[in-house]
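[1] here's my sequence, what's the structure:
(one chain, ligands or ions: 2)
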Amino acid sequence: MPAIVNADECSACGSCVDECPSDAITIDEEKGIAVVDQDECVDCGACEEACPNQAITVQE
Ligand code: SF4
Ligand code: SF4
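    Ligands and ions are numbered 1, 2, ... in the order given. This next block holds a predicted model:
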């Protein structure tokens, strides 16, 4: 399962974007949240570790 963003917790800080090795995450400026391209995500967990708000989790 790919990474899932909790929109209520995400502050669009961009840390996960910087850490993602697959460039699977982009920031939706309009909504102010990170968006994961599920086709590109390789479930590595780097975004989860990078997020200061625990807003992105990789589903088991
Ligand atoms: S789990 Fe890895 S590949 Fe998937 S969005 Fe997070 S950092 Fe990117
Ligand atoms: S690191 Fe967390 S708070 Fe920052 S953009 Fe990514 S999901 Fe949102």
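[2] ok, residue 37 - contacts?
    For residue 37, the contact set (Cβ atoms under 8 Å, 6 or more residues apart in numbering) comprises 24, 25, 26. The C-beta positions use only the backbone N, C-alpha and C, and glycine is treated the same way.
[3] 7 Å - rerun?
    Contacts of residue 37 were listed using Cβ atoms under 7 Å, 6 or more residues apart in numbering, and they are residue 24.
[4] residue 45 contacts residue 58, correct?
    Yes - assessed by Cβ atoms under 7 Å, residue 45 is found in contact with residue 58 at 5.0 Å.
[5] so for these two, which sits in the more crowded spot?
    The neighbour count for residue 45 versus residue 58, taken as other Cβ atoms under 10 Å, is higher for residue 58 (18 against 13).
[6] what does the pLDDT read for residue 6?
    The model reports residue 6 with a pLDDT of 98.
[7] compute the distance between the residue nearest to it when sequence neighbours are not counted and residue 3, please.
    If the residues on either side of it in the chain are set aside, residue 6 comes closest to residue 55, at 4.9 Å by Cβ to Cβ, 6 or more residues apart in numbering. Distance, residue 55 to residue 3, using Cβ to Cβ, to the nearest Å: 10 Å.
[8] ok, the two, which is more surrounded?
    Using other Cβ under 10 Å as the criterion, residue 55 and residue 3 rank with residue 3 on top: 25 against 22.
[9] dihedrals phi and psi, the more buried one?
    Dihedral pair for residue 3: phi -70, psi 140, per degrees, to the nearest 10.
[10] which residues sit in contact with it?
    Contacts of residue 3 by Cβ under 7 Å, 6+ apart are 36, 41, 47, 48, 56, 57, 58.
[11] if we check ligand 1, which of these are in contact?
    Of the residues in the contacts of residue 3, proximity to ligand 1 by Cβ under 6 Å from any ligand atom holds for 36, 41, 47, 58.
[12] do I have it right that the first one meets residue 22?
    Which is residue 36. No - judged on Cβ under 7 Å, residue 36 makes no contact with residue 22 at a distance of 9.7 Å.
[13] right, I'll leave it there.
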